[in-house]
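Chemist: Show me how the following folds:
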Amino acid sequence: MNTIKGIAIVMLILVSYALRAQEYKIQSPNKKIELSLASKTDDNSKKWYLKVDYLQGSAYLNVIPDIDLGLKAGAVDFASGIKFDQAGKEKQIKEAYTAVHGKRKYCANNATERSFYFKGEQGKRLSITLRAYDDGIAFRYGLTGKNGETIELTDELTSYRMPADAERWLQSFKTSYEGYYPVQSGSVAKGEWGYPALFKKPLGKADCWMLITEADVNGSYCATKLGNKDDQDNYKLLFPAASDGNGQGKVNPTITLPFLSPWRTVIIGELGQLFQSTLVEDVSTPTKISDLSWVQPGASSWVYWAYNHGTKDFKKVCDYIDLAARMNWSYTLFDWEWDAMGNGGKLEDAVRYASSKGIKPMMWYNSGGPHNGVSATPRDRMLTHENRMKEFRWLTEIGVYGVKIDFFESDKQDMMKYYIDILEDAAKFKLMVNFHGATIPRGWSRTYPNLMSMEAVLGAEWYNNGAELTGKAAAHNATLPFTRNIIGPMDYTPVTFTNSQHPHITTFAHELALSVVFESGILHMADRPEGFDNLPDAPKAFLREVPVTWDDSRLISGYPGKNVILARRKGNDWYVAGINGLDRKEEFQIPVDFLKTGKRYKAVLIADGDYDSAFNTTYLNVANGDRLKLKWLPRGGFTCVLKEIQ
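Modeler: Sure, this is the predicted structure:
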């Protein structure tokens with residue numbers, strides 16, 4: 001009898017332990033990443049969390065120890081106040097799609113997915129859907145109840161506990177996302193941080209890199225940020241501040257049942273995998289626009305950088321139209337003050353002149369409304385559906401191809417809806433869109449491919465605003481390919497050889513390379529006409545033909561803030577570019593093993609010359625297995641075009 005009792009007690013203990021410590025695992029298709037949903041007892045209540053393990057050799061090593069989960073709606077707690085109901089069946093997500101612009105033309109949304117269901121308070125049910133990708137993880141919440149019921153969420157409990165020994169590159173949060181990504185190593189700062197957030201977990205020879213962001217945000221929710229004020233290693237999702245957007249709009253999102261949250265995503269792997277990842281677009285809603293032939297990426301001239309007030313001068317605007325025509329660029333941008341244009345012509349005259357030269361004009365707008373205090377006009381023409389329809393109809397009638405809309409200043413739910421409404425209305429009139437003074441990309445270029453670019457970066461425009469960028473630009477430029485530009489198109493407005501209000505000390509070859517290093521559906525070439533006209537033949541020819549969309553993109557080598565060398569393919573041609581973020585010169589060799597075996601390529605290598613403004617151009621015949629010998633100056637760079645010999 002005692003033996004039977006003993007067995008029963010042991011069984012009860014085992015069952016009790018199993019109930020306390022439930023755990024479910026899914027693995028990425030290549031088995032490299034393991035994502036686990038597990039339970040824990042915290043403050044005498046059962047809560048659920050995620051953890052991420054990464055295969056190193058033959059063993060899984062933990063790289064994210066804890067991702068807390070849950071939502072709150074006032075007193076209703078969808079975290080400790082939920083009870084596990086059932087686990088859905090594991091399934092494979094396999095979807096191929098074509099991107100109109102971006103780092104890769106042919107993309108694949110392939111993952112292992114499993115959903116888990118919980119009974120919540122007041123008859124509500126919570127679901128947590130997990131996905132494990134070869135290059136990261138994604139998860140999202142669902143809430144069901146009475147269809148059509150609205151709920152104000154007061155908090156999202158998602159938080160990422162990152163390894164204490166992780167290096168991190170974080171941008172202090174600003175609603176414009178225009179800041180630097182200083183490395184934090186050893187000493188960790190507390191504060192509020194904007195996406196994307198980059199971490200490096202030491203794992204011996206092959207470190208694990210992780211980039212946290214979010215995707216598929218729409219008007220059903222607000223955008224979020226990260227905060228670690230309470231615990232330096234625990235980064236909790238935060239709703240926008242009440243003061244954002246001039247105090248306009250509600251902080252807490254109001255959701256309508258049934259509800260699906262945005263995807264919370266972490267891109268994971270070696271640094272090259274992060275650079276090449278399309279995970280943010282992969283998880284986002286596919287476009288419903290059937291005809292995308294009118295979405296035409298391209299390069300553009302841009303009058304603002306050199307003059308700040310250039311667009312109100314008709315003759316200067318014509319100079320930039322002529323520049324675009326000489327350089328074989330598709331577009332020119334009429335920036336703010338086009339509504340005050342004079343000195344020989346008005347806006348309609350400038351549009352007609354551009355059309356006569358085969359150049360497609362785009363125009364700037366203030367997003368307007370009480371959410372910003374910027375007086376620059378035209379204001380408020382984008383603010384309502386009725387105003388947009390009237391303005392977009394006029395733009396298409398006079399021959400304008402796209403809009404640049406500025407100064408949003410908020411990530412609240414109402415502003416997320418505003419972005420989406422603009423994109424949808426612009427698509428009705430076949431207008432392309434560029435958002436400035438804006439939030440970061442959140443997968444919208446897949447849903448709305450007419451979204452060509454977004455600023456959300458401290459770019460070349462800041463040479464107008466102060467002296468700081470002059471000294472920081474090289475390292476900053478070498479950080480952006482591993483942070484901001486991974487998650488979507490980035491309107492840095494690069495390639496400047498002359499100086500704006502404050503000088504650049506990056507070399508001319510560095511500036512030339514930015515046309516390939518940075519990815520954007522509209523590539524605004526920022527310099528004044530003489531900056532391009534005075535270039536030697538080789539770099540000038542390069543800028544006449546450099547693509548802005550790519551069939552493939554690969555990282556050859558690099559490290560945030562130090563340097564980056566990458567290769568992008570367009571058809572059979574490869575464009576290799578690199579920039580030096582350091583204040584020292586270097587010599588090195590680059591393998592070209594990405595070239596087709598058995599084919600030879602004609603190469604034009606444009607590198608640093610003997611001084612900052614000099615180029616050294618070399619013409620080569622190369623094949624797979626060869627190496628390009630290079631040297632660059634402090635803050636230098638290079639480009640190389642390799643064209644297959646038929």
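Chemist: residue contacts, G368?
Modeler: 378-383 (Cβ atoms under 8 Å, 6 or more residues apart in numbering). (Glycine included, C-beta is placed from N, CA and C.)
Chemist: How is V576 assigned, secondary-structure-wise?
Modeler: State at V576, reduced to three classes by DSSP: H, G, I helix; E, B strand; the rest coil: strand.
Chemist: can you pull the contacts of it?
Modeler: 516, 556, 565-568, 590, 592, 628, 639-642.
Chemist: Which of these sits closest to V604?
Modeler: V641 (4.9 Å; Cβ to Cβ).
Chemist: so how far is V622 from the residue nearest to R161 when sequence neighbours are not counted?
Modeler: Residue nearest to R161 in three dimensions, not counting chain neighbours: D66, with 3.9 Å by Cβ to Cβ, 6 or more residues apart in numbering. Computed as Cβ to Cβ, to the nearest Å, the D66 to V622 distance reads 49 Å.
Chemist: Could you find the residue nearest the spatial middle of the protein?
Modeler: Residue closest to the mean C-alpha point of the chain, counted by Cα atoms, centre = their mean, is I487 at 2.5 Å.
Chemist: what's near enough to touch that residue?
Modeler: Applying Cβ under 8 Å, 6+ apart, the residues near I487 are 195-196, 211, 213, 280, 440-442.
Chemist: what about 7 Å?
Modeler: Going by Cβ atoms under 7 Å, 6 or more residues apart in numbering, I487 touches 196, 213, 280, 440-441.
Chemist: Buried only: go through these for me.
Modeler: Neighbour counting by 16 or more other Cβ atoms under 10 Å classes 196, 213, 280, 440-441 among those as buried.
Chemist: one step back: who wins on neighbours among the contacts of G368?
Modeler: M382 (24 neighbours; other Cβ atoms under 10 Å).
Chemist: Next, it: phi, psi?
Modeler: Main-chain dihedrals, M382, degrees, to the nearest 10: phi -100, psi -10.
Chemist: is it true that it touches S367?
Modeler: Yes - at 5.6 Å, M382 counts as touching S367 under the criterion of Cβ atoms under 7 Å.
Chemist: what sits in contact with each of these two?
Modeler: Counting by Cβ under 7 Å, 6+ apart, the residues touching both M382 and S367 are I405.
Chemist: and G272, that's in a strand?
Modeler: No - counting by three-state DSSP, G272 is not part of a strand but helix.
Chemist: The closest residue to it other than its chain neighbours: what's it in contact with?
Modeler: Nearest residue to G272 in three dimensions, chain neighbours excluded: L555, at 4.0 Å (Cβ to Cβ, 6+ apart). Neighbouring residues of L555 by Cβ under 7 Å, 6+ apart: 271-272, 275-276, 566.
Chemist: picking up where we left off before, wait, which of the contacts of G368 is closest to F497?
Modeler: So of the contacts of G368, ranked by how close each gets to F497 (Cβ to Cβ), first place is P378, at 32.0 Å.
Chemist: Touching, that closest one and N366? I think so.
Modeler: Yes - between P378 and N366 there is a contact under Cβ under 7 Å: 6.4 Å.
Chemist: Helices of this protein, start to end?
Modeler: Residue ranges of the helices in the chain, as given by DSSP state H, are 2-20, 271-276, 279-282, 304-307, 314-326, 347-356, 385-398, 413-428, 444-447, 468-477, 508-517, 529-533, 537-545.
Chemist: Out of those, which is closest to K288?
Modeler: That would be helix 444-447 among those, by Cβ to Cβ, at 8.1 Å.
Chemist: what comes into contact with the closest one?
Modeler: Counting by Cβ under 7 Å, 6+ apart, 102, 281, 284-287, 423, 451, 488-489 sit against helix 444-447.
Chemist: change it to 10 Å
Modeler: For helix 444-447, the external contacting residues (Cβ atoms under 10 Å, 6 or more residues apart in numbering) are 97, 99-102, 107, 109, 215-218, 278, 280-289, 416, 419-420, 423-424, 433, 435, 450-454, 488-489, 521.
Chemist: filter these to the buried ones?
Modeler: By 16+ other Cβ under 10 Å, these give 99-102, 107, 109, 215-218, 278, 280-284, 287, 289, 416, 419-420, 423-424, 433, 435, 450-454, 488-489, 521 as buried.
Chemist: In this protein, where's the longest strand?
Modeler: strand 106-119 (DSSP state E).
Chemist: Against which helices or strands is it packed?
Modeler: Secondary-structure packing of strand 106-119 (3 or more Cβ pairs under 10 Å, 6 or more residues apart in numbering; DSSP states H and E): strand 23-27, strand 33-42, strand 83-87, strand 91-98, strand 125-133, strand 136-144, helix 279-282.
Chemist: okay, the angle between that strand and strand 83-87?
Modeler: 130 degrees (axes from the mean of the first three to the mean of the last three Cα atoms, to 10 degrees).
Chemist: Out of the helices and strands packed on strand 106-119, flag the one nearest A541.
Modeler: It's strand 91-98; of the helices and strands packed on strand 106-119, that one is closest to A541 (Cβ to Cβ) at 29.7 Å.
Chemist: can you tell me how far D527 sits from A325?
Modeler: Distance from D527 to A325, by Cβ to Cβ: 16 Å.
Chemist: Just want to know which of these two has more residues nearby.
Modeler: D527 (26 against 16).
Chemist: that older thread, run a quick neighbour tally on the residue nearest to R161.
Modeler: 18.
Chemist: and if you look at M389?
Modeler: So M389, with other Cβ under 10 Å, has 13 neighbours.
Chemist: Surely it is in contact with D425?
Modeler: Yes - if you go by Cβ atoms under 10 Å, M389 and D425 touch, sitting 6.4 Å apart.
Chemist: for this structure, what are the low-confidence residue spans?
Modeler: 1-21 (pLDDT under 70).
Chemist: Any idea what the residue nearest to Y60 when sequence neighbours are not counted is bridged to?
Modeler: Nearest-residue entry for Y60: D53, 3.9 Å, with adjacent residues in sequence omitted and distances by Cβ to Cβ, 6+ apart. Following DSSP bridges, D53 is listed with bridge partners E34, N62.
Chemist: D53 reaches A38, doesn't it?
Modeler: No - D53 is beyond contact range of A38, at 11.7 Å (criterion: Cβ under 10 Å).
Chemist: Counting neighbours, go ahead and name the busier of the two.
Modeler: D53 (19 against 15).
Chemist: And V183, how far from A166?
Modeler: Taking Cβ to Cβ, one finds V183 at 11 Å from A166.
Chemist: shared neighbours, the two?
Modeler: 198, 200.
Chemist: Those two - which one has more neighbours?
Modeler: A count of neighbours by other Cβ under 10 Å puts A166 above the other of V183 and A166, at 21 against 15.
Chemist: Leaving aside the residues adjacent along the chain, what's closest to the more buried one?
Modeler: With Cβ to Cβ, 6+ apart, the residue lying closest to A166 is F199, at 4.5 Å.
Chemist: cool, and F594?
Modeler: Here the residue nearest F594, using Cβ to Cβ, 6+ apart, is A567, at 5.5 Å.
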